[in-house]
Every structure is written in structure tokens, then in C-alpha cells.
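> Attaching a predicted model along with its sequence, questions to come.
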Amino acid sequence: MPVTNPQLADKHLNARVNALLAKMTLEEKIGQLVQYSAGVPTGPATDRQNYATMIAAGEVGSLLNVGDAKTANMYQKIAVEQSRLHIPLIYGLDVIHGDRTVFPVPLGLAASFDPAMVKETARMAATEASADGVRWTFSPMVDIARDARWGRVVEGAGEDPYLGSAMARAYVHGYQGDRLSDPTSIAACVKHFAAYGAVTAGREYNAVDMSDVMLRQVYLPPYQAAIDAGAVTVMSSFNSLNGVPATADPYTLTQILRNEWGFQGFVVSDYHAVYELIDHGIALDSATAGQKAISAGLDMDMEGNVYHMRLAALVRDGQVPEATIDEAVRRILRVKFALGLFEHPYADDKAPAYVATPEKRALARQAAEESLVLLQNQAHLGQPKLLPIRPQVHTIALLGPFGDAQGEMLGSWSGKGNPADVVTLRTALEARMKATGGKVLYAQGTEILTQSETGFAAAIDAAKQSDLVLLTLGEDGPTMTGEAASRAHLGLPGNQEKLLEAVVATGKPVVLIVFSGRPLVLDWAAQHVSAIVEAWFPGIEAGPALTNILFGDVNPSGKLPVSFPYAMGQEPLYLSQLPTGRPAGDANLSHPPRNAAEKYLSRYIDVPNAPLFPFGHGLSYTEFNYAPVTLSAQQVSVAQLQGNAPALEASTDVRNAGAVAGTEVVQLYLRIRGASMEEPVRQLEGFQRVTLAPGETKHVTFSLGFPEMSFINAQSQRVVEPGTEYTVYIGGSSQATQSAQFNIVK
Ligand code: NOJ
């Protein structure tokens with residue numbers, strides 16, 4: 001059922017759009033479809049004049065990568081005062097996980113399972129970005145990512161469509177606020193449409209080939225959730241989908257996005273992607289590339305220099321109807337009007353310089369604390385669990401390349417983030433230990449990517465003198481994660497694993513803190529290190545958040561939004577796999593092994609099928625007990641599932657059985673059997689963050705209806721089918737053991 005966006009469907013707004021359109025020449029219309037990256041003249045010199053001249057002539061509708069109010073106002077003044085129709089520019093920028101106040105990378109934010117908090121981070125980012133004249137962010141990135149080799153796993157919410165959809169909505173609501181016309185609101189851009197996360201072999205910019213069922217069941221829901229939440233722009237992806245480059249794909253850009261979902265905003269290409277249709281091999285020249293893109297439903301050409309140079313001739317030659325151009329212009333003008341750009345084209349360029357105020361730091365710290373995932377926490381040589389750090393620990397050795405690296409804490413796509421704003425773990429730890437009369441021995445040990453062992457001796461020496469080692473290892477945020485950062489080896493880079501082995505060999509208790517933008521292979525570490533924390537890239541409050549978690553001032557609550565493999569060869573590795581006729585039993589708890597000794601089962605002969613750390617996993621300093629699952633009914637009829645209203649309640653009691661307060665992410669998974677299609681062995685269909693005092697019990701209820709129970713059938717329709725059996729699992733990870741069943745009947 002297509003949904004209309006009230007802010008874009010507004011009658012008065014559309015009347016203004018049409019009135020303006022009626023005054024525009026063909027060249028001025030095309031100008032609205034043209035976007036350039038300010039200061040990056042990559043095209044042939046003859047095609048690329050100076051921006052000021054082009055803007056004055058009405059040949060440019062948008063600029064990206066202008067990040068300061070003065071420059072934004074300078075170009076905007078030309079557009080508003082010198083161009084014939086005074087149409088303001090819209091400025092786009094990659095504001096991905098914070099603007100100046102940098103929060104954890106999106107994968108880390110997803111680990112919080114806390115959309116309300118994520119919305120707050122997006123709102124703060126919007127306020128900061130809009131102050132610089134940026135009223136449009138190229139975020140959220142909602143590509144489902146199930147292959148850890150792909151570097152862009154870091155930019156999204158991980159492997160799961162339900163979690164991904166919740167995060168997508170949170171970002172859109174945060175960026176766009178209650179009203180787009182609020183000067184502190186910025187337009188969201190859902191990207192990369194579509195199915196970019198499924199690039200073959202995890203290799204960046206590669207092709208995607210998948211069934212329509214898979215596309216609609218797994219990959220499309222987060223984009224649609226963002227559109228339903230009101231997102232007014234979409235970015236097409238670099239990949240091809242089933243042989244058609246997404247930048248020129250009428251199936252995704254027109255059939256699905258416009259006809260099925262009712263999207264009324266505009267689609268921008270990814271960087272230079274219209275021109276790259278030539279490299280994709282579907283166009284022999286740029287004119288054909290432009291003709292294919294605009295005809296498919298691609299409204300704005302980012303940096304491709306194709307629409308600008310070729311569209312007018314295509315219209316004059318009758319190869320592109322002017323009505324197609326008009327429609328694209330309408331979509332763009334709608335967003336410009338909705339943002340109030342005509343009323344407020346300028347940013348305040350006299351505003352005071354950025355300060356990371358206590359309020360900003362508090363949100364950044366909360367976000368970082370909630371993003372940290374305690375992967376493992378075992379007793380060390382007969383002593384209690386290593387974490388939280390006990391008061392008896394007097395001397396801590398802080399080792400590794402991330403302990404005092406401000407820039408590293410910002411991760412990839414940190415935009416205007418300033419390393420100077422970052423409080424490192426070393427700074428926070430030293431302050432804390434000093435206050436209690438303890439000591440920190442700091443040694444970097446090695447660099448992120450080197451084979452030199454010159455720093456090893458100092459690190460080992462520090463470890464030997466300490467009561468506890470905090471070892472910080474991982475991948476380089478800017479170069480090893482994000483765009484164009486596919487990796488075929490998922491271990492710790494350089495000689496970090498060697499340093500890990502050397503430090504473990506001292507016999508000292510070791511807490512490993514991993515900084516990464518993707519699941520890494522941590523098999524050796526998991527066998528030899530007692531405690532492991534996944535820190536992602538935590539943002540400006542990295543140090544205080546980590547110390548709060550390590551010392552137990554804050555109880556960890558993060559859960560994995562991606563599965564961590566034993567070995568790289570398991571990739572793509574994810575929870576919601578389809579069943580096989582020969583289940584080996586260890587991929588998840590839904591399949592008991594038929595016979596462990598049997599050879600002809602779906603499994604590797606050298607590694608388990610299961611992940612080392614599964615989706616939804618994350619430990620706490622307390623223990624949560626789950627009572628059996630109860631259902632409000634054993635049967636639900638198809639008639640009850642008309643519309644989206646809840647038809648069944650699944651509930652359980654969750655008890656904090658430990659001695660400290662804690663927050664649990666209570667997760668609900670479904671398995672459907674007996675349908676016309678194979679359905680995943682488990683899929684997430686609900687989660688709630690629940691805070692419990694020691695000894696406290698809370699009754700947690702989930703409502704399930706058509707959205708949760710339906711699936712895509714072979715005709716690409718979302719359906720429920722009578723005669724199906726549903727198993728509901730509720731627990732603290734995807735390995736939840738409490739379950740109950742119900743059936744769908746006629
Ligand atoms: C290319 C990236 O794929 C996209 O995510 C980003 O928004 C654009 N460049 C603009 O910087």
C-alpha cells in the first residue's frame with residue numbers, strides 16, 4: 001500500500017512547485033538536477049567552469065561537501081540573488097554518525113538496540129550540520145550487510161532487517177525532526193538503493209544478483225521503513241542488481257520506490273555513478289548513460305557531469321520527454337520548499353565556534369556506553385571474572401595502538417569530527433586510577449599495520465609489572481573500514497596478533513578491547529584471553545565510556561548486530577539462514593543434529609557452522625533469567641491478520657538474578673514452518689531494552705501481527721498462509737532457548 005508523505009503531498013507546497021516550474025527554461029530545469037562537489041573539479045576542464053558562474057546561470061541545483069556556513073552562504077547568495085529565478089541551492093554532506101559531536105560508528109550505535117537514543121544522536125547531528133548551512137545528509141545507510149569482508153558493514157545497522165528497519169526510522173525521525181521546515185532539521189537520504197550490502201564476495205562496488213524474494217524479504221525492508229518514516233530523498237547504489245545498474249534501474253527506482261511505496265521525494269545518484277554506467281557496459285557514451293538514468297527515475301546527477309552536459313540535447317532530440325525532466329524537477333523543488341529553503345536560505349555565519357558542551361558529551365558518552373559489547377568475561381586462573389575491574393587492581397598496563405589514539409576513535413566517515421575533541425582511554429583511565437592511588441603503565445606496543453616489533457619489549461615489560469592488562473587492538477577506522485575497504489583477511493592487521501600472543505604469554509590477566517568496523521576473526525583471542533570487549537569506534541567520549549564499562553559504573557548492555565565468525569571462510573555468515581535438508585545442527589538451536597557422526601550434512605569439515613559470537617549476543621555483569629514463553633492464543637486466523645493490528649501477544653518474565661542493576665535487550669525471534677516457501681531458521685521480530693534492579697522481575701510482552709508474521713511468497717507478495725506453525729523464541733540473544741508455538745489457521 002503506497003504511503004504518501006504529508007510534508008511533500010501538501011497542496012499549497014505543490015502549487016508553489018508548479019508555479020515555479022512553469023517559469024523555468026529547459027536549462028534551468030536541468031540545473032536543478034545537477035549536483036557538484038564543491039572544490040573537486042574532476043571533469044574535463046572545458047566542461048567545468050567556475051561554480052559561481054554556473055550557479056548564477058541556474059545550471060546547478062545542489063552542492064555537496066560544503067561544510068562551513070561562510071562558503072555555503074557565499075554560493076547561496078549567488079543562487080538566490082543572481083540566478084534568474086532565485087532558487088536556493090540545497091547543500092548535501094555525509095553526516096553519518098554525528099557532525100562535530102562524533103558518536104559511535106553506525107554499527108556501534110546499532111549494537112545499542114536503542115532506537116530512541118539513536119534518534120537523539122541524529123537530532124544533535126542535524127542541529128550542528130544545519131548551523132553550517134547543510135540541510136541534507138547522505139544518511140542513513142540502511143544496507144543489510146551479511147558479509148564481513150565488505151568494508152561498509154561499519155556504516156549500517158548490520159545483518160538484520162528488523163533491527164535495520166528500527167534504526168532506519170530512528171535516524172530519519174532524528175534528522176528530519178517534527179517538521180522539515182524547522183531550520184534545525186535536515187533531509188535524510190536513504191542509501192544505497194538497493195541491496196548494496198550484498199555485493200558479490202564482499203568486494204566493494206561489485207555486482208549483486210539475488211532473487212526477488214530475498215530482495216523483498218531481507219534487503220528492502222529498511223529502505224521502506226525509512227521512506228514510511230518520512231525520508232524525503234534516496235541515493236541509488238553503485239552496484240547492479242540482477243544485471244541492471246541501480247542508477248538506471250526502473251524496477252527499483254520507479255516500480256518499487258514510486259509505484260509500490262508511494263515515494264514523492266527525489267533520488268540522487270551516488271558519486272559519479274551516472275557516468276559510470278559506461279563502465280557498467282550498459283551505455284556506450286554519456287548521452288545514453290544520462291538517457292537511461294533519467295528514464296529509470298534517477299532525478300539528480302551527483303558529480304557525474306552527465307545531466308548538465310547531455311540532458312538538454314536529449315530532450316531536444318526527442319529521446320527524453322520534457323515531462324520526465326519536469327517530474328524530476330518537481331520532486332527536487334518539493335524537498336527544497338518543504339525544507340523552507342526559500343524562506344531561510346542562509347546559515348548564521350556569525351555563530352560561535354563549536355564547543356563540545358557537557359550536554360553534547362553526555363549524549364556521546366551514553367551512546368558509546370550502550371554500543372560497547374562484552375563478548376567474553378571469564379574467570380582468570382581461579383580468580384573471579386576479570387570484569388568489572390576490582391578495586392584491588394592497583395597497576396594497569398594499557399597497551400596497543402588504540403589506547404591513546406584520538407583520531408582512531410572517530411572511525412570512518414567522521415566528517416567534521418575533530419580528533420582534539422576525543423578523550424582517549426589513556427586519559428580517562430589515568431584520571432580514574434590517579435583518584436584512587438593506582439597507576440597506569442602505558443605502552444603502544446605496535447602500530448596498527450606494521451611488522452616491526454621494536455615496541456614489543458616495552459609493552460611486555462609494562463604487562464609484567466601490572467596486575468591487569470588492557471590490550472587495545474583492531475583495524476584502522478579511516479582506511480580499513482568504510483567505503484573502498486573490502487578485506488579478504490578478517491584477522492587483526494599487521495603484527496597485532498603476535499603482540500597479543502606475547503602479552504598473553506606473560507601469564508597476566510588480559511582484557512582485550514577490539515576496535516573494528518566489522519566482525520573480526522577473534523578465535524585465538526577467545527581461546528586465550530579471559531575478557532573481550534568489542535568497542536567498534538566509540539566517538540569523542542571513547543575513554544570515559546570505556547572506563548565506565550570496564551569498572552562497572554555502567555553495566556554493559558550492547559548486543560551484536562552482526563555475527564562474528566570463527567574463520568573468514570564462513571562468510572557470508574548471519575543468523576537468519578534458510579534451512580537445508582541436511583542440517584548439521586550447530587548453526588543455531590533450531591536444528592538438533594541428526595547424528596553427529598554422519599558425514600553427509602550441511603557443514604564445514606574444519607570449522608563449526610555456528611558463529612564464534614552470535615547475533616544478539618552480549619554479556620552483562622549481572623545475570624538475567626527467562627521464564628517460559630506464554631502466548632495469548634495458540635491459533636491465529638488469517639482474517640485476524642488483515643491490516644497491521646496486533647493479533648497475538650507473546651510474553652515472558654525476565655528476572656535480574658544477579659547482584660547489580662542491569663539493562664537487558666530482550667529479543668524475540670520467530671521460525672515459520674509449513675509455508676509455501678522455506679523461511680529462515682530464526683529471524684528477529686522484536687526487541688525491548690529492559691532495566692532491572694537486582695532481584696527485580698519484569699513481565700515483558702511483545703505484540704505480533706501481520707508485519708511480524710508475514711513473509712514473501714514466490715509471487716513476491718507479502719502473505720501469511722494457513723497451516724503454518726510459528727515458533728516464538730524469547731531470550732537475551734539469538735540463542736534463546738525459551739519457546740512456544742502457535743499456528744495460523746484459515
Ligand atoms: C560515495 C558513497 O558511496 C556515498 O555513501 C556517499 O554519500 C557519497 N560518496 C557522497 O560522499
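It's in. Numbering: from 1, shown residues only.

> got the phi/psi numbers for the closest residue to residue 189 other than its chain neighbours?
Spatial nearest neighbour of residue 189, excluding adjacent residues (Cβ to Cβ, 6 or more residues apart in numbering): residue 233 at 4.3 Å. (Glycine included, C-beta is placed from N, CA and C.) In terms of degrees, to the nearest 10, the main-chain angles of residue 233 are phi -140, psi 160.

> So what's the residue count around the nearest residue to residue 344 once chain neighbours are set aside?
Using Cβ to Cβ, 6+ apart and skipping the chain neighbours, the partner closest in space to residue 344 is residue 183 (5.2 Å). When counting by other Cβ atoms under 10 Å, one arrives at 19 neighbours for residue 183.

> try residue 362
12.

> Repeat that for the one 5 residues further on.
For residue 367, the count of nearby residues is 29 (other Cβ under 10 Å).

> and what of residue 707?
15.

> Enumerate every residue touching it.
Shown in contact with residue 707 (Cβ atoms under 8 Å, 6 or more residues apart in numbering): residue 644.

> Show me the helices in the stretch 151-300 of the chain, by range?
161-176, 212-214, 221-228, 250, 277-280, 286-296 (DSSP state H, counting those that start in this stretch).

> what's the most buried one of those?
Comparing the helices of the stretch 151-300 of the chain by mean neighbour count (mean count of other Cβ atoms under 10 Å), helix 161-176 ranks first with a mean of 26.

> secondary structure element for the nearest residue to residue 326 once chain neighbours are set aside?
Excluding its sequence neighbours, the residue lying closest to residue 326 (Cβ to Cβ, 6+ apart) is residue 21, at 6.1 Å. Assessed by DSSP states H and E, residue 21 sits inside helix 11-23.

> Check the spacing between the residue nearest to residue 326 and residue 89 real quick.
17 Å (Cβ to Cβ, to the nearest Å).

> in the protein, which residue is closest to the centre?
Centroid-nearest residue in the chain: residue 156, 1.6 Å away (criterion: Cα atoms, centre = their mean).

> Contact partners for it?
Residue 156 neighbours (Cβ under 8 Å, 6+ apart): 106-107, 110, 140-145, 164, 197.

> ok, those vs the ligand, which is closest?
residue 141 (6.4 Å; Cβ to the nearest ligand atom).

> what's the burial count for the nearest residue to that closest one once chain neighbours are set aside?
In space, and not counting its chain neighbours, residue 141 is closest to residue 155: 4.2 Å by Cβ to Cβ, 6+ apart. If you count neighbours by other Cβ under 10 Å, residue 155 ends up with 30.

> residue of this protein with the smallest distance to the ligand?
Closest point on the chain to the ligand, by Cβ to the nearest ligand atom, is residue 138, at 3.4 Å.

> I'd assumed residue 191 was in contact with that residue.
Yes: the criterion here is Cβ atoms under 8 Å, and residue 138 meets it with residue 191 at 6.2 Å.

> Now the common contact residues for the two.
With Cβ under 8 Å, 6+ apart as the test, residue 138 and residue 191 both reach residue 235.

> More neighbours: which of residue 21 and residue 89?
Taking neighbours as other Cβ under 10 Å, residue 21 and residue 89 compare with residue 89 leading, 27 against 17.

> the bottom helix or strand of the protein by mean pLDDT?
Lowest on mean pLDDT, DSSP states H and E among the helices and strands of the chain sits helix 51-56, with a mean of 92.

> following that one, which helix or strand shows up next?
Taking DSSP H and E, what comes next after helix 51-56 is strand 62-64.
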